[in-house]
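**Student:** Structure here, sequence nowhere to be found:
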């Protein structure tokens with residue numbers, strides 16, 4: 001590894017979290033570069049087959065993914081393809097495109113949690129309204145309708161009976177992702193937990209409290225300190241492994257029976273709320289873990305052996 005490794009921070013915008021990551025990498029002796037995936041191109045006229053702003057015909061030592069630009073299906077597919085390509089030519093990418101794909105698709109997350117035997121509410125993902133109605137009737141309990149691709153608590157609807165199902169034109173992508181409702185209010189307050197996992201370690205956690213069942217910070221929930229919980233921490237680490245994430249936020253709660261349930265895994269988590277209730281410098285932890293991983297693996301044989309095209 002170079003004495004001052006060059007880290008490409010992929011981010012849809014130069015937000016506070018991206019800037020914090022840049023500062024953290026620089027503090028640890030690395031050189032931070034920023035680019036949107038929309039700015040990186042495939043170019044078979046270069047040695048690597050990619051054109052990355054600021055790297056001429058060279059490659060970064062590693063890529064740290066903060067956020068992926070939204071866009072059309074074609075645009076997002078191309079952008080994730082850039083991450084796949086970087087990994088294929090030997091550049092460490094964290095999180096990997098595969099992990100991002102597993103987390104951004106809630107059904108894929110649920111499938112992986114189930115395959116690993118982790119506790120998570122039953123989830124059903126279908127494309128037929130009649131099947132969705134049948135699932136709600138069979139559940140015998142409330143279910144939450146979520147956009148398959150969504151975050152920050154946007155677009156969630158609590159369905160207590162089939163008649164609560166919105167009309168088709170309000171169903172994102174005409175895909176019905178339904179998850180059994182596992183929350184339970186304590187008095188008039190609802191609570192869940194967000195645990196941040198980095199490099200197979202639970203590094204920070206918070207309790208989120210709200211006046212309604214949607215407990216996302218962006219929806220007005222309050223971040224509170226979280227008491228140490230070894231079982232929750234272990235489940236959060238297992239959830240990160242299930243989706244293949246190096247760095248992620250895992251959302252958990254205790255159901256009506258007190259059992260822990262994993263609700264979602266976010267491969268591109270923000271940490272504004274969490275930073276208010278923990279003394280840990282999350283950006284520094286993230287940067288340090290990525291650099292430690294890079295130091296262990298050393299320079300890529302593939303990326304280091306790219307040769308000019310034969311003439």
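**Tutor:** Noted; the coordinates are in hand. Computed from a predicted structure; not experimentally measured.

**Student:** so how far is stretch 34-44 from its chain's centroid?
**Tutor:** 21 Å (CA atoms, centre = their mean, to the nearest Å).

**Student:** One more: stretch 283-303?
**Tutor:** From the chain centre to the centre of stretch 283-303 is a distance of 19 Å (CA atoms, centre = their mean).

**Student:** Over it, what's the mean pLDDT, rounded is fine.
**Tutor:** Stretch 283-303 shows a mean pLDDT of 83 in the predicted model.

**Student:** just stretch 46-56 next, same as before
**Tutor:** Mean per-residue pLDDT for stretch 46-56: 94.

**Student:** now stretch 199-213
**Tutor:** Mean predicted confidence for stretch 199-213 is 91.

**Student:** With stretch 155-165 instead?
**Tutor:** The model assigns stretch 155-165 a mean pLDDT of 88.

**Student:** got it, and stretch 17-26?
**Tutor:** Per-residue pLDDT over stretch 17-26 has a mean of 98.

**Student:** same deal with stretch 86-95?
**Tutor:** Averaged across stretch 86-95, pLDDT comes to 97.

**Student:** and that stretch, how far out from the chain's middle?
**Tutor:** Offset of stretch 86-95 from its chain centre (CA atoms, centre = their mean): 17 Å.

**Student:** buried residues in that stretch?
**Tutor:** Of all the residues in stretch 86-95, those buried under the rule 16 or more other CB atoms under 10 Å are 86, 87, 89, 90, 91, 92, 93, 94, 95. Where C-beta positions appear, they are placed from N, C-alpha and C, glycine not excepted.

**Student:** again with stretch 183-195
**Tutor:** With burial defined by 16+ other CB under 10 Å, the residues of stretch 183-195 counted as buried are 183, 190, 191, 192, 193, 194, 195.

**Student:** repeat for stretch 62-71
**Tutor:** By neighbour count with 16+ other CB under 10 Å, stretch 62-71 contains the buried residues 62, 63, 64, 65, 66, 67, 68.

**Student:** list the contacts for the first one?
**Tutor:** Just to be clear, that refers to residue 62. Contact partners of residue 62, counting by CB atoms under 8 Å, 6 or more residues apart in numbering, are 5, 7, 8, 91, 92, 93, 94, 290, 291, 294.

**Student:** swap in the fifth one?
**Tutor:** For residue 66, the contacting residues are 9, 10, 11, 12, 15, 17, 18, 21, 268, by CB under 8 Å, 6+ apart.

**Student:** change it to 10 Å
**Tutor:** Residue 66 is in contact with 9-15, 17-22, 34, 247, 268, 270, 283, 286, counting by CB atoms under 10 Å, 6 or more residues apart in numbering.

**Student:** related to what we said a few turns ago, now the buried residues of stretch 183-195 as CSV including pLDDT?
**Tutor:** Formatted as CSV, those follow (pLDDT from 0 to 100):
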residue, pLDDT
183, 84
190, 87
191, 89
192, 92
193, 95
194, 95
195, 97
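
**Student:** Helices - which of these land there?
**Tutor:** Among the buried residues of stretch 183-195, no residue falls in helices (DSSP state H).

**Student:** Could you export those as CSV, including distance to residue 277?
**Tutor:** Shown next, in CSV, are those (distance: CB to CB, whole Å):
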residue, distance to residue 277
183, 21
190, 18
191, 14
192, 14
193, 12
194, 10
195, 12
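
**Student:** Tell me the one of the residues you listed nearest residue 168?
**Tutor:** Each of those was checked against residue 168 using CB to CB; the closest is residue 183, at 26.6 Å.
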